[in-house]
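Undergrad: Pasting a predicted model and its sequence here:
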Amino acid sequence: MTTMPPPLAAAARLMPPVWLLVMITMTSTLAMHMFVPALPYASHELAASIGAMQMTISVYIVGLAVGQLFYGPLSDAYGRRPMLMIGLGLYTVAGLVAMCVGGVHQLIAARLLQALGGCAGLALGRAIVRDTARSDQAVRQLALMNLMMMIGPGLAPLVGGAVAALFGWRAIFVVLAGMGALTLALTWRLLPETGKPTGVMSPKVMASDYRRLLQSPIFVGFTLGGGCSTTSVYGFIAAAPFILTMELHRPLHEVGFYLAFLIVGMSLGNVLTGRLAGRIPMARLLLGSNILSLASAALFLLSVLLGQLTLTGTMALLFLYTVGAGMSSPAALSKAVSVNPQLVGSASGLYGFTQMAIGALCTSLAALGHDPALAVALVLMVAATVGQLSFSLALAKERALLALA
């Protein structure tokens, strides 16, 4: 009869249900996607401009990015469980506030608070996985979480649109607040403390922790590569309505279908990584998956430059790009947060911030120029190239470090 070594046995006892981690992580992204189809309803009732209503989305993304920088180190100091419960509590209260607002500026403020609460799940869900699983197990669990998280945001706009049409846009925040309250209750009931809180926290300690991470070429390589290989696709998502309608002459109502097709590609990549983790070396998996994205981006750019852009070719190449992104995402994340066992929370927060920042940068760059397809092709090509170089340098540093050990 075999028994698990003590550290692994302890981790197994601490490991929370995967479905709970999915709920914890999904709360923040659902709030972003579910409200999008309700923007016209809210704009009319609040007598707000389109630009002001779009701020409710932009501010939410900023909150998701910045908030993760604080939850990571705070959870290293005071524990994953208490910081997660504080974040979910804030998320729930902010949803109720958003339901009751009387003006767009109040809605923007409520959305910022909602994001600052919800991003706790993004930062700490990943940290909890890394606390409780070995490296190969962590990759498989992160891949499964990513897969299940893709389904939620993919359906969220449809659910949000239906709720807004039937019950009004404020009902969306009732649903989100209810989900936050349920997740908070389940977290209190089922989630043990998985970290090892140091009890030490100050701006100086936080700055020191992030400085230590940023001074690690291994962490920087996996984090920069992970951001470039995954959220760079935001550039295409933002430009898709213009590319599909203006250059490929498809009706606007088909855009959602084609974007859902890309979510399928990302999900397929997550499934493949979950099955391949532990069977092939992590380095080969990481580099090979990003090469797929790089080759797809290069062919897409070539088709644009040659004037051979077609609907079938575009969607096939972008599908392959997202498959590669879906494969590299959990592997890069697992590598990044494993660099320093004492700074898993901080590493997860900084990784999440970097992802959001790169996604926002790629979205902005894809809007430059008069040819959306060319701009997107260049953005994807540069991002995949930077990702490949970053992964290669990080893996080389990691091999050199292991050789010295």
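TA: Perfect, thanks for sending it.
Undergrad: contacts and neighbour counts: CA atoms only from here.
TA: Will do.
Undergrad: Now tell me what touches stretch 286-299 from outside.
TA: By C-alpha atoms under 8 Å, 6 or more residues apart in numbering, the residues outside stretch 286-299 that reach it are 229, 317-318, 320-325, 327-328, 331-332, 377, 380-381, 384-385, 387-388, 391-392.
Undergrad: one more time with 6 Å
TA: Residues outside stretch 286-299 that contact it (C-alpha atoms under 6 Å, 6 or more residues apart in numbering): 317, 321, 324, 327-328, 380-381, 384.
Undergrad: Please pick the buried ones from those.
TA: 317, 321, 324, 327-328, 380-381, 384 (16 or more other C-alpha atoms under 10 Å).
Undergrad: dump the residue contacts of residue 228.
TA: Residues near residue 228 by C-alpha under 6 Å, 6+ apart: 383, 387.
Undergrad: if we go to 7 Å?
TA: By C-alpha atoms under 7 Å, 6 or more residues apart in numbering, the residues touching residue 228 are 358, 383-384, 386-387.
Undergrad: now do residue 27
TA: Taking C-alpha under 7 Å, 6+ apart as the test, what residue 27 contacts is 118, 180.
Undergrad: ok so, going back, closest to residue 403 out of the buried ones among the contacts of stretch 286-299?
TA: Ranked by distance to residue 403 (C-alpha to C-alpha), those are led by residue 328 at 24.6 Å.
Undergrad: pLDDT at that closest one, what is it?
TA: According to the prediction, residue 328 has pLDDT 91.
Undergrad: From residue 206, how far off is residue 218?
TA: 20 Å (C-alpha to C-alpha, to the nearest Å).
Undergrad: Between the two, which has more neighbouring residues?
TA: When residue 218 and residue 206 are compared for neighbours, residue 218 comes out ahead with 23 against 20, by other C-alpha atoms under 10 Å.
Undergrad: is it true that that one touches residue 394?
TA: Yes. With contact defined as C-alpha atoms under 7 Å, residue 218 reaches residue 394; the gap is 4.4 Å.
Undergrad: Dihedrals phi and psi, residue 280?
TA: phi -130, psi 150 (degrees, to the nearest 10).
Undergrad: Show me what it is bridged to.
TA: residue 277 (DSSP bridges).
Undergrad: confidence score at it?
TA: 86.
Undergrad: And the one 4 residues further on, by the same measure?
TA: Looking at residue 284, its pLDDT stands at 91.
Undergrad: Report the buried residues of the helix or strand containing residue 212.
TA: Counting by DSSP states H and E, the element that carries residue 212 is helix 203-214. Residues of helix 203-214 classed as buried: 206, 209-210, 213-214 (neighbour count, 16+ other C-alpha under 10 Å).
Undergrad: pLDDT score assigned to the closest residue to residue 24 other than its chain neighbours?
TA: The spatial neighbour of residue 24 that comes closest, neighbours along the chain excluded (C-alpha to C-alpha, 6 or more residues apart in numbering), is residue 121 at 5.0 Å. Residue 121 is assigned 89 on the pLDDT scale.
Undergrad: Also residue 60?
TA: If you check residue 60, the pLDDT there is 85.
Undergrad: I figured it was touching residue 112, is that so?
TA: Yes. Counting by C-alpha under 7 Å, residue 60 does reach residue 112; the two are 5.4 Å apart.
Undergrad: Quick one: distance of stretch 77-84 to the chain centre.
TA: Centroid separation for stretch 77-84 versus its chain: 21 Å, with C-alpha atoms, centre = their mean, to the nearest Å.
Undergrad: for stretch 346-358, that is, sorry about that
TA: Centre-to-centre, stretch 346-358 and its host chain are 9 Å apart (C-alpha atoms, centre = their mean).
Undergrad: Over to stretch 91-100?
TA: Centroid separation for stretch 91-100 versus its chain: 23 Å, with C-alpha atoms, centre = their mean.
Undergrad: same question, stretch 236-250
TA: 23 Å.
Undergrad: follow-up on the earlier one: ok, so of the contacts of residue 228, who is nearest residue 94?
TA: residue 358 (26.7 Å).
Undergrad: Check the offset of the helix or strand residue 394 falls within from the chain's centre.
TA: Applying DSSP H and E as the criterion places residue 394 in helix 372-404. From the chain centre to the centre of helix 372-404 is a distance of 18 Å (C-alpha atoms, centre = their mean).
Undergrad: Over to residue 249. Which of the three states is it?
TA: Following DSSP: H, G, I helix; E, B strand; the rest coil, the label given to residue 249 is coil.
Undergrad: ok, now how distant is it from residue 333?
TA: In this view, residue 249 and residue 333 are 38 Å apart by C-alpha to C-alpha.
Undergrad: and those two? which has more neighbours close in?
TA: Between residue 249 and residue 333, counted using other C-alpha under 10 Å, the more crowded position is residue 333 (27 against 12).
Undergrad: Return the distance of that one relative to residue 378.
TA: For residue 333, the distance to residue 378 - C-alpha to C-alpha - is 25 Å.
Undergrad: now swap in residue 257 and tell me
TA: 24 Å.
Undergrad: When the two are compared, which one has more neighbours?
TA: residue 378 (19 against 10).
Undergrad: dump the residue contacts of the more buried one.
TA: Residue 378 touches residue 301, counting by C-alpha under 7 Å, 6+ apart.
Undergrad: Same question for residue 121.
TA: Contacts of residue 121 by C-alpha under 7 Å, 6+ apart are 24-25, 84.
Undergrad: again, only using 8 Å
TA: 24-28, 84, 87-88.
Undergrad: same thing with residue 41?
TA: Counted by C-alpha under 8 Å, 6+ apart, residue 41 has contacts 164, 168-169.
Undergrad: Out of those residues, which is nearest to residue 32?
TA: Set against residue 32, the nearest of the contacts of residue 41 by C-alpha to C-alpha is residue 169 (13.6 Å).
Undergrad: thought the closest one was touching residue 37?
TA: No. Residue 169 is not in contact with residue 37 according to C-alpha atoms under 8 Å; the separation is 9.2 Å.
Undergrad: And those two? Which one has more around it.
TA: Taking other C-alpha under 10 Å, residue 169 and residue 37 do not tie; residue 169 has more neighbours (24 against 20).
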